[in-house]
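**Student:** Provide a 3D model corresponding to the input given below.
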Amino acid sequence: MGMVDITEKPVVRRQAKAAGKIILSPATLLKIKNGRIKKGDPLLVAEVAAMNAAKQTHILIPHCHQIPLDTVKVSFEVLNESIEAGCLVRAQARTGVEMEALVGVSMALNTLWDMVKYLEKDDNGQYPQTRITDIRVLSKEKGN
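**Tutor:** Alright, predicted model coming up:
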């Protein structure tokens, strides 16, 4: 057992895209669109969180290799009932970067929740309708 030995694998260009969404109340989404969130711009904070998380994936997931990333690009689409987040990761490496993309998008969604949780809680302090869902790898590429 242990980390997979990738010593003999060639270094090639690798890319992965992941996405997911957070379901929020229409009132919360309107406040996001209008820049009225107490903690600041949740999309900007979530972008930084996603980039940091992707770069630290090897710390969070024990069997992941430490990969110097060439780029991490985060995108958001604010819809009527949710925000779709995307994370694109590229590197020159011996192993894929899909875990980095998944960790990036997951942290973006968690950060969005944290930024707006005061708006999403019900009278009992619960989140009856807030959901993070559909986290998935959209694509994985290696080579030229």
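
**Student:** pick out the residue closest to the middle of the protein.
**Tutor:** residue 105 (1.2 Å; Cα atoms, centre = their mean).

**Student:** next, it: secondary structure please.
**Tutor:** helix (DSSP: H, G, I helix; E, B strand; the rest coil).

**Student:** that one against residue 17, yeah?
**Tutor:** No - contact criterion Cβ atoms under 8 Å: residue 105 and residue 17 do not qualify, at 9.0 Å. Any C-beta I mention is one placed from the backbone N, CA and C, and that applies to glycine too.

**Student:** now do the shared contacts for those two.
**Tutor:** Overlap of the contact sets of residue 105 and residue 17 (by Cβ atoms under 8 Å, 6 or more residues apart in numbering) consists of 86, 87.

**Student:** show the contacting residues for residue 98.
**Tutor:** Applying Cβ under 8 Å, 6+ apart, the residues near residue 98 are 16, 18, 137, 140.

**Student:** before we move on, what about residue 66?
**Tutor:** Contacts of residue 66 by Cβ under 8 Å, 6+ apart are residue 58.

**Student:** can you check the one 5 residues further on too?
**Tutor:** For residue 71, the residues meeting the contact criterion (Cβ under 8 Å, 6+ apart) are 88, 89, 90.

**Student:** secondary structure element holding the second one?
**Tutor:** To tie it back to what came earlier, the one meant is residue 89. strand 82-93 (DSSP states H and E).

**Student:** mean confidence for that strand?
**Tutor:** Across strand 82-93, the average pLDDT comes to 98.

**Student:** can I get it as CSV, trimmed to CA atoms?
**Tutor:** C-alpha atoms of strand 82-93 as CSV (Å, rounded to 0.1, in the frame of the first residue of the first chain):
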residue,chain,number,x,y,z
SER,A,82,-28.4,28.1,-7.7
ILE,A,83,-24.8,29.0,-8.4
GLU,A,84,-22.8,26.7,-10.7
ALA,A,85,-19.1,26.7,-10.0
GLY,A,86,-16.4,25.4,-12.2
CYS,A,87,-12.7,24.8,-11.7
LEU,A,88,-10.1,24.2,-14.4
VAL,A,89,-6.6,23.0,-13.4
ARG,A,90,-3.5,22.6,-15.6
ALA,A,91,-0.1,21.3,-14.9
GLN,A,92,3.0,19.7,-16.4
ALA,A,93,3.0,16.5,-14.3
